[in-house]
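S.K.: Using only what follows, build the 3D model:
(chains A and B)
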Amino acid sequence: MTINFSPEHTDPSASLDFIRNIIAEDLKANKNDGRVHTRFPPEPNGYLHIGHAKSICLNFGIAAEHKGGLCNLRFDDTNPSKEDIKYVESIMKDVRWLGFDWGDRLFYASDYFDRLYQYAVQLIKKGKAYVCDLSPDEIREYRGTLTEPGRESPYRNRSAEENLDLFECMRSGEFEDGSRVLRAKIDMASPNLNMRDPVMYRILRAEHHRTGNKWCIYPMYDFTHCLSDSIEGITHSICTMEFENNRPLYDWFLDQLEVDCHPRQIEFARLNLSHTILSKRKLLALVEGKLVSGWDDPRMPTIAGLRRRGYTPESIRNFCDRIGVAKRESVVDIALLEHYIREDLNRRAPRVMAVLRPLKVIIDNYPEEKVEEMDAENNPEDPGMGSRKVLFSKTLYIEQHDFRENPPKKFFRLSPGSEIRLKHAYYIKCTKVIKDEHTGEVIQLHCTYDPETRGGWSKDGRIVKGTSHWVSAAHSVKAEVRLYDHLFLRANPDDEKDRDFRTFLNPNSLETLTSCRVEPCLAETAPGSFYQFLRQGYFCVDSVDSSPEKPVFNRTVSLRDSWAKIEKSRGTEAPYF
RNA sequence: UGGGGCGUCGACAAGCGGUAAGUCACAGGAUUUUGGAUCCUGCAUUCGGAGGUUCGAAUCCUCCCGCCCCAGCCA
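M.R.: Numbers count the residues shown, from 1 in each chain, chains lettered A, B, ... in the order given. Next comes the predicted model:
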């Protein structure tokens, strides 16, 4: 296990969440021989997202916090019509990437199909299950409603012998898909609809990604899950709130079958994140509607998307630890996620200069052919990361936003006549502004530099308030930069019932900049490596589209920007050309 | 309208009868060769509402209000 324990889970004085509290009590009461064994049970029918990360961190985290604690990875693969091997592969990759290890405990519910069948037979023999010939529509009718009890199926009182025979025929393929089901015989009048003779097995001729065509009947979730947990010796079966109504059924199967291991199911509230959606169905709609480039589009809240966006496993784990675990429905502010990636990258990302929207600057009093090597520290937060050389010359690029012809109050950057520091280089003063005669756009600046300020210090103690990043025109390379922003404009895109969530998509969630100039060393970096582009944000090399010939960077998250905040509150932001 | 669950700062979230932790966000200030980072400071007389019990209630009781989940041969 490579995870770092967060302080709140290792500090005994810190408060535990209600699940860890329950487990601590169980341990104190000597339940389960002192064992703690959890599991993460995804269905391989889609990609994992940050909501799953919460569950993964919870389950694997709890196991890691206890001596001898274990967490299994188990695929809940009981519905071959929706599942696929490609999802099991992506899920394993994502769990591993998040930093968790299931050791040799990789399981599949399909591993238990034979045993499950035997359990079903046992139930039939006990008179607790029966084969029902009702059609799906009839079953629904017989189930009753929220306020009215259901009616018993006419097939409910078949003999055990007949049921055994019929069930065997179901298995051997003698009946059509959907023509019969095996049902638990519980209580058609139960106020909990899950207890109104739930279906245990359905006939479904679909090739299973692991068992092939061995089966034409497949067990349902409720029957499978509790028994899979029991077979694996799970002590605490942690799931989300919508399964709370299923708990009596979970317990019923285990009680009826008198199994040795009866795990305790505990439900917690699933994660909701502001400015995005965490529903497999809706995420799929974005992918299929080509509203994003795929499951790993850097705007997607999927693990694959976050990874491509530049999020680190550490930041996601810290986030999951911080949001807590409770039963109340909530929406976590995405700013909290952004806080954790900034915190992690601030510590670890090498600083580098990149000009996203270049504005040419000529230093008039700098010799034509001269090139100087300037020392630049790689990370002021970590001197151990060393320094590098950055080349300075007569023709440079600075950021368009670092110049303002008519500077507003408190604008510390370059403007006609003002002086700023070029990071790691010299002080420069703007002497002349060249504009496009038709558009009025500022296209070039003429400046002078002070040779006495090499490295960015002046001996006379004169203070410049602004420091800009820059790049030498001749000693920089072109790059594409993708600026990502929130996927949705609304904090909660589904809170308006009559408006489709897609109407709140942020039209500016992706802005592609193609004429950026970056330090030459950035052309040669490995996919996924991350940097802080000085004064702008954290960026990573795109793992799909970047190449040394055409480097592509994704903005993971911007730096906090108090000047932008001031401008925004004043409404005086400058336009980009 | 049956059953189950949940309501504590803008967002999360502790609190478990002794007088509202923490984090993010936000707002000030210090500092700064990133308007970054860092560091200080401020930010719920009040816990969905109303009653009640108690010397004392977010915590216990009663009633009310609001939100979520359940009528798949999905999980």
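
S.K.: moving C-terminal of the helix or strand containing A:M200, what's the next helix or strand?
M.R.: Remark: A:M200 resides in strand A:199-203, with elements defined by DSSP states H and E. Later in the chain than strand A:199-203, the nearest helix or strand by DSSP H and E is strand A:217-219.

S.K.: that older thread, for the strand holding A:M200, which strands pair with it and how are they oriented?
M.R.: strand A:181-184 (antiparallel), strand A:217-219 (antiparallel) (DSSP bridges).

S.K.: Which one, of the ones you listed, ends up nearest to RNA strand B?
M.R.: Among these, strand A:181-184 comes nearest to RNA strand B, with 4.9 Å by Cβ to the nearest atom of the strand. In this view, the C-beta of every residue, glycine as well, is placed from N, C-alpha and C.

S.K.: ok, and does that closest one reach over to RNA strand B?
M.R.: Yes: using Cβ under 7 Å from any atom of the strand, strand A:181-184 comes into contact with RNA strand B via A:V181.

S.K.: Please enumerate the helices of chain A.
M.R.: Secondary structure of chain A (DSSP state H): helices at A:7-10, A:18-28, A:50-65, A:85-97, A:113-125, A:136-143, A:160-171, A:221-231, A:247-256, A:280-288, A:303-309, A:313-323, A:334-348, A:562-570.

S.K.: now for the ones you listed, which one comes closest to A:F411?
M.R.: With distances scored as Cβ to Cβ, the stretch of the helices of chain A nearest to A:F411 is helix A:562-570 (8.2 Å).

S.K.: returning to what we had before: got the strands paired with strand A:199-203 as a markdown table, with mean neighbour count and mean pLDDT columns?
M.R.: Formatted as a markdown table, these follow (neighbours: other Cβ atoms under 10 Å; pLDDT from 0 to 100):
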| stretch | mean neighbour count | mean pLDDT |
| --- | --- | --- |
| strand A:181-184 | 25 | 98 |
| strand A:217-219 | 24 | 98 |
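
S.K.: Can you tell me how far whichever residue of the stretch 451-577 of chain A sits closest to RNA strand B is from A:R517?
M.R.: Per Cβ to the nearest atom of the strand, A:G456 is where the stretch 451-577 of chain A lies closest to RNA strand B, at 2.4 Å. Note on A:G456: its distance to A:R517, by Cβ to Cβ, to the nearest Å, is 20 Å.

S.K.: Tell me which of those two has more neighbours.
M.R.: More crowded of A:G456 and A:R517, by other Cβ atoms under 10 Å: A:R517, with 22 against 15.

S.K.: So that one versus A:G537, what's the distance?
M.R.: 16 Å.

S.K.: And A:Y366, by the same measure?
M.R.: A:Y366 is 30 Å from A:G537, by Cβ to Cβ.

S.K.: Can you name the residues of the stretch 301-450 of chain A sitting close to RNA strand B?
M.R.: Residues of the stretch 301-450 of chain A lying close to RNA strand B by Cβ under 7 Å from any atom of the strand are A:322-333, A:335-336, A:338-339, A:342-343, A:346, A:351, A:379-381, A:410-413, A:421, A:423-424.

S.K.: Just the buried residues out of those residues, in ChimeraX syntax.
M.R.: A single ChimeraX command is used to select the members of those judged buried by 16 or more other Cβ atoms under 10 Å:
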select /A:323,325,332,338,339,342,351,379,411,413,421,423,424
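
S.K.: Sitting in strands, which of the residues of the stretch 301-450 of chain A next to RNA strand B do you find?
M.R.: The strands, defined by DSSP state E, take in A:R351, A:R421 from those.

S.K.: what's across from A:C540 in the sheet?
M.R.: Following DSSP bridges, A:C540 is listed with bridge partners A:F530, A:N554.

S.K.: do the same with A:L73
M.R.: A:F40, A:L106.

S.K.: That one: neighbour count?
M.R.: So A:L73, with other Cβ under 10 Å, has 24 neighbours.

S.K.: That one and A:F107: what is the separation?
M.R.: Going from A:L73 to A:F107 by Cβ to Cβ gives 7 Å.

S.K.: burial count for A:S172?
M.R.: A:S172 - counted by other Cβ under 10 Å - has 10 other residues nearby.

S.K.: My error: substitute A:T78 in the last question.
M.R.: Counted by other Cβ under 10 Å, the residues lying close to A:T78 total 26.

S.K.: what ranges do the strands span in the stretch 351-500 of chain A?
M.R.: Using DSSP state E, counting those that start in this stretch, the strands of the stretch 351-500 of chain A run over A:351-352, A:354-355, A:358-363, A:372-377, A:387-392, A:395-399, A:419-422, A:427-435, A:442-449, A:467-468, A:470-472, A:477-484.
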